[in-house]
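Enquirer: Curious how this folds, go ahead:
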Amino acid sequence: MLNKNVKKGDACDLNAICIRLHRINGQISGIEKMLNEKRDYVDIIQQLVAAREAMDKVATLVLKSEAKGCLKNKKGALAAKELNKIVNTLFKVM
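Expert: From the prediction side, this is the model:
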């Protein structure tokens, strides 16, 4: 769950993530348009790679936020359990 109590400058600024997602949405729309226009496949692949990298960055920011919140707000076994969950999710993303 995304930490909603983030302040500007924290690992995860919710507004910054929403802006990134909006840009990615634009990239995806552009890729769809390129496909419809039958543009060169190399250009399309380059845009797909860029969109995937942008999504990976968003995932990393969300995971950093959760890890930071987990360490700050939870103690002991609960923190360890949550951190383990975050690490497992990180390996799925990467």
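
Enquirer: Which of the three states applies to K38?
Expert: Secondary structure assignment for K38 (DSSP: H, G, I helix; E, B strand; the rest coil): coil.

Enquirer: what's the pLDDT at it?
Expert: K38 carries a pLDDT value of 97.

Enquirer: now it: how far from N88?
Expert: 41 Å (C-beta to C-beta, to the nearest Å). The C-beta positions use only the backbone N, C-alpha and C, and glycine is treated the same way.

Enquirer: Helices of this protein, residue ranges please.
Expert: 14-36, 41-73, 76-93 (DSSP state H).

Enquirer: so of the ones you listed, which one's packed in deepest?
Expert: Most buried of those, by mean neighbour count (mean count of other C-beta atoms under 10 Å): helix 41-73, with a mean of 15.

Enquirer: what packs against that helix?
Expert: Here helix 41-73 touches helix 14-36, helix 76-93, going by 3 or more C-beta pairs under 8 Å, 6 or more residues apart in numbering; DSSP states H and E.

Enquirer: These: lowest mean pLDDT?
Expert: Mean pLDDT is lowest for helix 76-93 among those, at a mean of 71.

Enquirer: Now do the contacts for the residue lying closest to K57 once chain neighbours are set aside.
Expert: The shortest distance from K57 to any non-neighbouring residue, by C-beta to C-beta, 6 or more residues apart in numbering, is to R20 (7.0 Å). For R20, the contact set (C-beta atoms under 8 Å, 6 or more residues apart in numbering) comprises A54, K57, V58, L61.

Enquirer: now those residues in JSON lines, with distance to I31?
Expert: Listed next are these as JSON lines, based on distance: C-beta to C-beta, whole Å:
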{"residue": "A54", "distance to I31": "12"}
{"residue": "K57", "distance to I31": "17"}
{"residue": "V58", "distance to I31": "17"}
{"residue": "L61", "distance to I31": "22"}
